[in-house]
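*Asks:* Provided below are the primary sequence and the corresponding predicted coordinates.
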There are 2 protein chains.
Amino acid sequence: MRWIRFEQQKAVRFGQLRGNEITEVDGAPWDAPKPTGKRYPLAGVRLLAPVVPPTFYAAGLNYTQHLKHYASLGGANIPTKPDIGYRAVNALIGHEEPIVIPKNAGPKVHYEAELVAVIGKKAKRLSHEDALSCVFGYTIGNDVSERDWQKVDRTLWRAKNTDTWKPMGPWIETDFDLAAARTIVRVNGKQTIEFLTRDMLFDVPTYISAMSQYVTLYPGDVIWMGTEGVSPDLKPGDVCEIEITGLGTLRNPLRAEA
Amino acid sequence: MRWIRFEQQKAVRFGQLRGNEITEVDGAPWDAPKPTGKRYPLAGVRLLAPVVPPTFYAAGLNYTQHLKHYASLGGANIPTKPDIGYRAVNALIGHEEPIVIPKNAGPKVHYEAELVAVIGKKAKRLSHEDALSCVFGYTIGNDVSERDWQKVDRTLWRAKNTDTWKPMGPWIETDFDLAAARTIVRVNGKQTIEFLTRDMLFDVPTYISAMSQYVTLYPGDVIWMGTEGVSPDLKPGDVCEIEITGLGTLRNPLRAEA
């Protein structure tokens, strides 16, 4: 089942997506929402990030080649345990919305293609075995990053949370086979990387179990699971597509700040 | 004017506080809320954190003695510019609610007494001169921290965002003279520090102006402004009070995890 969040005549709604038809619902997907009786064609609405999370978690360095690259630059230690990080909701945009590059950004604006786990149930102190019981579904995230700011700033605030730098979507898929999935990135239609989505240093249940020993997870929270490889430098006019097989494709153009 | 957020018969509401009487309103304080006609005595309700922010910003090292202490331990560089950090809403509690210390926490559980600026208007690219135009009011925060986790973890996730470790309140005050304010902390009734609240490395307008060049601030966002000095080690049974003159006192007992 695919769940979307969309804007239609200034109203923000959730809906189920079957083929190209949206069945609008009242309430959040994980909250037993009721159909409103309204249906729309997918082409007639604006897709939004599929959720605005109460807390926006991000795993950071979680795939071998990506973390080896940043460790080799002296910029990161190789994680020995699942210490989760944070991103911010001001930066969220949906499928097809533009990633806007500020005038004073350096040349190293990079994509990071990430699997996103969406929490559907309040959860605390889950075992590794039970950890996935709180996951409602999965979506795709692009953890857009500016490497010069990442190096010189004391935190990741503008390097990763500049407005529009967190594309998420296009929808939440509840039936997803992570073991079989591959992540594929294309820039201007040309593939730049393909990797097994499951090849994480610490997997989804390991993160959730560790996190939930200290923090309560809430419905709508998202956990971005990190990325593999190294992005080429992106520039205004480029189009970045992230496909996770079985989930869909998140596509966003880049443009310069007006 | 004082604004509170409270629970009464399972419902969560905002209200104006005059003396000990609450005038309940419908809507958020910064959103021109309408009085509902209901009034309650302050003693009859449970105070909650006065807002659950869309984004929870925190300034980190922003007072001289505090940052010198952590720099001397090799754990922090002295900030050269206002790089904002993040905290998480799972950890929020209100005035008088207990700070719960997990069983495996080390001995160095510390308070950090902080001024909190509450945003009331959507804001982007504010000048230093106009920066305070987006501030609705101020409250008090206790950025409870576990120093061993802070040292060994790759992020601040459990060191600062363990459930119950972000007391905030007791209310939002819209009439506050920051220039005259002093921050005073008492543990079990005994004063441990007093400092000029305004003695920040980077002040509120400097942070807001810098942040808003890259990120949009939204109504309800909070910015915790950092702390001075070094806390004694806190233990279950202690009571921590943070007073900011002109704002009020945020009081929370500490207890061990059951």
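*Replies:* Looks like it arrived, so ask away. Numbers count the residues shown, from 1 in each chain, chains lettered A, B, ... in the order given.
*Asks:* Now for the residue of chain A most remote from its centre: which residues touch it?
*Replies:* Here chain A reaches farthest from its C-alpha mean at residue A:37, the gap being 29.8 Å by C-alpha atoms, centre = their mean. Contact analysis of residue A:37 by C-beta atoms under 8 Å, 6 or more residues apart in numbering or on different chains lists residue A:24. C-betas here are computed from N, CA, C, even on glycine.
*Asks:* Distance of it relative to residue A:15?
*Replies:* 12 Å (C-beta to C-beta, to the nearest Å).
*Asks:* Now do the shared contacts for the two.
*Replies:* By C-beta under 8 Å, 6+ apart, the residues touching both residue A:37 and residue A:15 are residue A:24.
*Asks:* what residues does the lowest-mean-pLDDT helix or strand in chain A touch?
*Replies:* Least confident element among the helices and strands of chain A, by mean pLDDT, DSSP states H and E: helix A:64-72 (a mean of 81). Under the criterion C-beta under 8 Å, 6+ apart, residues A:61, A:76-79, A:112, A:199, A:201, A:226-230 lie in contact with helix A:64-72.
*Asks:* Just the buried positions in that helix, please.
*Replies:* A:66, A:67, A:70 (16 or more other C-beta atoms under 10 Å in any protein chain shown).
*Asks:* Most neighbours among the contacts of helix A:64-72, which one is it?
*Replies:* residue A:227 (31 neighbours; other C-beta atoms under 10 Å in any protein chain shown).
*Asks:* Three-state assignment for it, please.
*Replies:* coil (DSSP: H, G, I helix; E, B strand; the rest coil).
*Asks:* Now do it against chain B, distance only.
*Replies:* According to C-beta to the nearest C-beta, to the nearest Å, residue A:227 stands 16 Å off from chain B.
*Asks:* Could you report the separation of that residue from residue A:183?
*Replies:* 8 Å.
*Asks:* interface residues of chain A facing chain B?
*Replies:* Chain A comes close to chain B at residues A:52, A:54-55, A:60, A:77, A:79, A:81, A:83-86, A:88-91, A:102, A:124, A:153-155, A:157-158, A:161-163, A:211, A:213-218, as judged by C-beta under 8 Å from any C-beta of the partner chain.
*Asks:* Just the ones in strands from those, please.
*Replies:* A:85, A:86 (DSSP state E).
*Asks:* Buried subset of the residues of chain A next to chain B as a PyMOL selection?
*Replies:* Selecting only the buried entries of the residues of chain A next to chain B in PyMOL, with 16+ other C-beta under 10 Å as the criterion:
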select buried, chain A and resi 54+55+60+79+83+84+85+86+88+89+90+91+102+153+154+155+157+158+161+162+163+211+214+215+216+217+218
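*Asks:* For the closest residue to residue A:88 other than its chain neighbours, list the residues it contacts.
*Replies:* Spatially, and ignoring its direct neighbours in sequence, residue A:88 is nearest to residue A:161 (4.3 Å; C-beta to C-beta, 6 or more residues apart in numbering or on different chains). Counting by C-beta under 8 Å, 6+ apart, residue A:161 makes contact with A:87, A:88, A:90, A:91, B:214, B:215.
*Asks:* farthest-separated two in those?
*Replies:* The largest separation in the contacts of residue A:161, counting by C-beta to C-beta, is between A:87 and B:214 at 13.5 Å.
*Asks:* Turn the contacts of helix A:64-72 into CSV, including distance to residue A:22 and pLDDT.
*Replies:* As requested, the contacts of helix A:64-72 are arranged in CSV below (distance: C-beta to C-beta, whole Å; pLDDT from 0 to 100):
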residue, distance to residue A:22, pLDDT
A:61, 37, 88
A:76, 41, 62
A:77, 45, 69
A:78, 44, 79
A:79, 40, 87
A:112, 29, 98
A:199, 34, 95
A:201, 37, 95
A:226, 31, 97
A:227, 30, 96
A:228, 33, 95
A:229, 34, 93
A:230, 37, 93
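*Asks:* of those residues, closest to chain B?
*Replies:* residue A:79 (5.6 Å; C-beta to the nearest C-beta).
*Asks:* so the closest one sits right up against residue A:200, yeah?
*Replies:* No - when contacts are counted by C-beta atoms under 8 Å, residue A:79 is not listed as touching residue A:200 (10.8 Å).
*Asks:* And the helices in chain A?
*Replies:* Using DSSP state H, the helices of chain A run over residues A:64-72, A:147-152, A:157-161, A:204-211.
*Asks:* joint contacts of residue A:227 and residue A:183?
*Replies:* Residues touching both residue A:227 and residue A:183 (C-beta under 8 Å, 6+ apart): residue A:113.
*Asks:* residues in contact with the closest residue to residue A:103 other than its chain neighbours?
*Replies:* What sits nearest to residue A:103 in space, not counting adjacent residues and going by C-beta to C-beta, 6+ apart, is residue A:257, at 5.2 Å. Residues near residue A:257 by C-beta under 8 Å, 6+ apart: A:100, A:101, A:102, A:103.
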